[in-house]
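Enquirer: 3D model of this:
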Amino acid sequence: MTLAETAYGQLRGTEIADGIIAWRGVPYARPPVGELRLRPPQPPEAWSGVRDATAYGDRSLQPEPFPDPSLLPASEDCLYLNVTAPAGAAGRPVLLWIHGGGYEMGDGFHQAGDGAAFARTHGIVVVTFNYRLGALGFLDVPGEQPTGSLGLHDQIAALRWTRENIAAFGGDPDQITVYGLSAGGKSVTTLLASPLTTGMIRRAAESSGGDHITSRPQAARIAAEFFRALGTTPERVRSVPAADILGAQLALGQPPRSAWIWRPSVDGAALTSHPLTAIANGAAAGVPLLLQTCARECAYYQVLTGDAGQQADRVLTGYFGAESGAKLFAAYAADHPELGGIALRVAIMTDERYIIRTGRYADAQSVHAPVWRSRYDGPYTGQLADPRLAPRQELLDGAHGGDGVGIWEGGDGLAANLHDAWGAFATTGDPGWERYTAVSRRAMIFGHAGPYLADDPFAPAREAWGTLDWQPSAWWSDY
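Expert: Residues are numbered from 1 along each chain as shown. Alright, predicted model coming up:
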């Protein structure tokens, strides 16, 4: 049966494979256009009759760094989700996917596809969705409240819609696992920290996540530069064409060097404190957490730009001063004598962007709930449509995003191991290896020869950074 009855009206889906049903382009909020631009999402309008749900909705407005005819159109009207479920499902666990892309690119289809593999192998109901990106999702508009985290509000609206409606598609609203990669992983952290999601998340998983938000001074600088580039005032931001919004966003930075400019801020509503502070204080008590990072995360950015590693000296000096920055470099040189100058700096970037903050997050949540950690060392299974990546795939073992397609699609070898672990976690709450604690610190390594359990594989990085604390910036700028 392809009909589903939601709180807003009936939907007609389609059978996309034998025994697998999909509903696509389902509105979970009103179009955020006109007076709703840069304002929190509002509930969708109800409809009469049966709405066709066989085509994906538009992606959020975003940069297009290279031509890709397979991509869906992009527009402001982007708040749509997709559901894939086994035919005849009832009371099945739900996996809600939050896509990555640096909070400036991507869509729900990216890496997850239609989610049919999990529906088939583990009987999971999969939900994917689009949310506002870049300036439309994360611009801090002076004089407005809440502001700076509207993309996060979109994610919460999608989660709320899922909890309220997923039973109609065969899902259990009390068995929702949220999972994200990259910015999607960091989004999972902010969702767990948010007072607006209390009681809605049963389990949480991240690939290459951690925490990464904008401080108030950073958000103010970004807003000032944005409105200078836009050539108008905050009061008139809803009267300019959407293309001008994107143009002003690109004036601050273009992909891939614009990565991390756009990110959530503490807006007093979706976020009321720093995410790790909220987590340490028990905001996500009782929510099991699975955290995976990649061994060579930032090799991805070095391949894309050619100058990612070279930024490390400036970044660390800006954070800690010349003397402390030099001590950190010396510690890495002693721990990694096999690495040369740029490779050493890429390793430092990997730990600053992902490993250290994920470790502190794991320690904070392990006081309140079961936590599992893992590391992906294997071949790059990410999407290679980007022409800058495909010719250099041999340099991307263990690189950022390399685990995503394997997790979603499964297959042979490590891909099968990843898919089975995530499927087990979403259905039982246990990926199948020993829990991480702040005492044992054990983690599963997904290596070329197969998975194995390791004792505290992140120790050298953790000891090198010690108690250093810093407010992350965008890597190629001080925003």
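Enquirer: give the bridge partners for residue 206, please.
Expert: residue 180, residue 291 (DSSP bridges).
Enquirer: wait, doesn't it sit right on residue 182?
Expert: No: with contacts defined as C-beta atoms under 8 Å, residue 206 does not count as touching residue 182, sitting 9.2 Å away. Every residue, glycine included, has its C-beta placed from N, CA and C.
Enquirer: look up how far residue 243 lies from the spatially most central residue of the chain.
Expert: Central residue of the chain (C-alpha atoms, centre = their mean): residue 184, 0.9 Å from the mean position. Note on residue 184: its distance to residue 243, by C-beta to C-beta, to the nearest Å, is 26 Å.
Enquirer: same check on residue 162?
Expert: For residue 162, the distance to residue 243 - C-beta to C-beta - is 32 Å.
Enquirer: residues contacting the residue nearest to residue 65 when sequence neighbours are not counted?
Expert: Once flanking residues are discounted, residue 65 sits nearest to residue 255: 4.5 Å by C-beta to C-beta, 6 or more residues apart in numbering. If you count contacts by C-beta atoms under 8 Å, 6 or more residues apart in numbering, residue 255 has them with 63, 65, 102, 104, 105.
Enquirer: can you give me phi and psi for residue 255?
Expert: Dihedral pair for residue 255: phi -60, psi 140, per degrees, to the nearest 10.
Enquirer: okay, it and residue 391: tell me how far apart.
Expert: The value you get for residue 255 to residue 391, if C-beta to C-beta is used, is 18 Å.
Enquirer: next: residue 267.
Expert: To residue 391, residue 267 is 42 Å away according to C-beta to C-beta.
Enquirer: and for residue 187?
Expert: Applying C-beta to C-beta, the value for residue 187 to residue 391 is 31 Å.
Enquirer: do the same with residue 247
Expert: In terms of C-beta to C-beta, residue 247 sits 31 Å off from residue 391.
Enquirer: just residue 44 next, same as before
Expert: Counting by C-beta to C-beta, the gap from residue 44 to residue 391 is 44 Å.
Enquirer: and for the residue lying closest to residue 100 once chain neighbours are set aside, the neighbour number?
Expert: Setting aside the residues directly before and after it, residue 100 is nearest to residue 182 in space (C-beta to C-beta, 6+ apart), at 3.0 Å. Residues lying near residue 182 (other C-beta atoms under 10 Å) number 27.
Enquirer: distance between the ends of stretch 400-412?
Expert: 20 Å (C-alpha to C-alpha, to the nearest Å).
Enquirer: now stretch 112-126
Expert: 9 Å.
Enquirer: quick one: buried residues of it?
Expert: 112-120, 122, 124-126 (16 or more other C-beta atoms under 10 Å).
Enquirer: kindly indicate which of those residues lies nearest residue 437.
Expert: Distance to residue 437, by C-beta to C-beta, is smallest for residue 122 among these, at 27.1 Å.
Enquirer: which ones are touching that closest one?
Expert: 93, 423, 424, 426, 427.
Enquirer: residues touching the first one, list them.
Expert: If I follow you right, that is residue 93. Residues in contact with residue 93 (C-beta under 8 Å, 6+ apart) are 122, 123, 124, 125, 171, 172, 175, 177, 426, 427.
Enquirer: so residue 293 versus residue 116, what's the distance?
Expert: 27 Å.
Enquirer: no, scratch that, I was asking about residue 447
Expert: On the measure of C-beta to C-beta, residue 447 and residue 116 end up 28 Å apart.
Enquirer: next one: the residue nearest to residue 100 relative to residue 135, how far apart?
Expert: In terms of C-beta to C-beta, residue 182 sits 19 Å off from residue 135.
Enquirer: name all residues that make contact with the nearest residue to residue 238 once chain neighbours are set aside.
Expert: Using C-beta to C-beta, 6+ apart and skipping residues adjacent in sequence, the residue nearest residue 238 is residue 37, 4.8 Å away. Neighbouring residues of residue 37 by C-beta under 8 Å, 6+ apart: 76, 136, 237, 238.
Enquirer: confirm that residue 172 sits in a strand.
Expert: Yes: membership of residue 172 in a strand is supported by DSSP: H, G, I helix; E, B strand; the rest coil.
Enquirer: that one touches residue 94, doesn't it?
Expert: Yes: when contacts are counted by C-beta under 8 Å, residue 172 is listed as touching residue 94 (6.5 Å).
Enquirer: more neighbours, these two?
Expert: Legend: neighbour count by other C-beta under 10 Å for residue 172 and residue 94, higher for residue 94 (27 against 16).
Enquirer: A strand includes that one, no?
Expert: Yes: assessed with three-state DSSP, residue 94 lies in a strand.
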